[in-house]
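K.L.:
just to be clear, the model below is a prediction. Sequence and coordinates:
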Amino acid sequence: MRRRLTRKEFLTEGCSACLCLAAGGLLLHGCAAVPAVDVERTRPPGAPKSFVAKEEEVNPAFYFVKSGIKGVLVRTEKGIVGYENKCSHQGSPSALKDGALVCLWHGSAFDPATGKAIGGPAKEPLRALKLDFKDGLVLLAEAPKRAGGAP
């Protein structure tokens with residue numbers, strides 16, 4: 001025979017379930033990925049193999065995957081810059097938010113113009129991507145390096 005819940009038990013169980021759902025939602029939000037374009041599949045006919053994006057697609061940011069590198073291009077006041085989209089703290093992807101590249105896991109913030117850490121637990125800069133530009137295309141020139149030149 002089933003036992004009936006008391007009002008107190010019902011409220012306690014109900015509140016516990018709601019808290020678990022809310023906590024799970026917060027955790028999953030931190031795992032949300034920014035959609036990235038597989039540039040190997042979207043390269044226009046005749047574009048160089050180093051193609052990443054058309055300059056007009058970087059508005060204000062463009063997330064991509066190329067040859068195993070997850071990257072982000074950002075349009076700044078000085079032009080387009082690129083970084084490996086991997087937080088220097090623990091490797092989370094970042095998203096451009098309120099003028100900064102913000103880590104989705106722990107909230108580290110990076111200056112889009114320089115890649116340097118400006119807040120949160122990350123101390124090291126993002127790895128910079130060396131880019132070339134030709135005929136309105138953004139091209140990946142070489143493998144990622146930390147902002148400031150270190151590999």
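P.N.:
Noted; the coordinates are in hand. Note that the structure is a prediction, hence the values are computed from the model and not measured.

K.L.:
show me the contacts for the spatially most central residue of the chain.
P.N.:
Compute the mean C-alpha point of the chain, and by CA atoms, centre = their mean the closest residue is Ser94, 2.6 Å away. The contact partners of Ser94, by CB atoms under 8 Å, 6 or more residues apart in numbering, come to 34, 72, 85, 87, 101-104, 108, 110, 126. No exception for glycine: its C-beta is placed from N, CA and C like everyone else's.

K.L.:
could you rerun that using 10 Å?
P.N.:
Shown in contact with Ser94 (CB atoms under 10 Å, 6 or more residues apart in numbering): 34, 61, 63, 72, 83-87, 100-105, 107-110, 112, 122, 126.

K.L.:
what pLDDT does it get?
P.N.:
Here, the pLDDT recorded for Ser94 equals 95.

K.L.:
do Pro144 as well
P.N.:
At Pro144, the model reports a pLDDT of 58.

K.L.:
and if you look at Arg4?
P.N.:
81.

K.L.:
can you give me the strands for the protein?
P.N.:
For the chain, the strands defined by DSSP state E occupy 37-38, 51-54, 61-66, 69-76, 79-84, 94-97, 100-103, 109-110, 117-119, 127-134, 137-146.

K.L.:
any idea which of these gets closest to Thr6?
P.N.:
Among the strands of the chain, the nearest to Thr6 by CB to CB is strand 100-103 (45.0 Å).

K.L.:
strand partners of the closest one, parallel vs antiparallel please.
P.N.:
Strands adjacent to strand 100-103 in the sheet, as given by DSSP bridges, are strand 94-97 (antiparallel), strand 109-110 (antiparallel).

K.L.:
convert the C-alpha atoms of it to CSV, please.
P.N.:
Presented in CSV, the C-alpha positions along strand 100-103 are these (Å, rounded to 0.1, in the frame of the first residue of the first chain):
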residue,chain,number,x,y,z
ALA,A,100,35.5,40.7,-24.6
LEU,A,101,36.1,37.1,-25.4
VAL,A,102,34.6,35.4,-22.4
CYS,A,103,35.3,31.8,-21.3
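
K.L.:
now that strand: average pLDDT?
P.N.:
The pLDDT scores in strand 100-103 average 97.

K.L.:
neighbouring contacts of that strand?
P.N.:
So strand 100-103 is contacted by 30, 61, 72, 74, 83, 85-96, 108-112, 115, 117-122, 126 (CB under 10 Å, 6+ apart).
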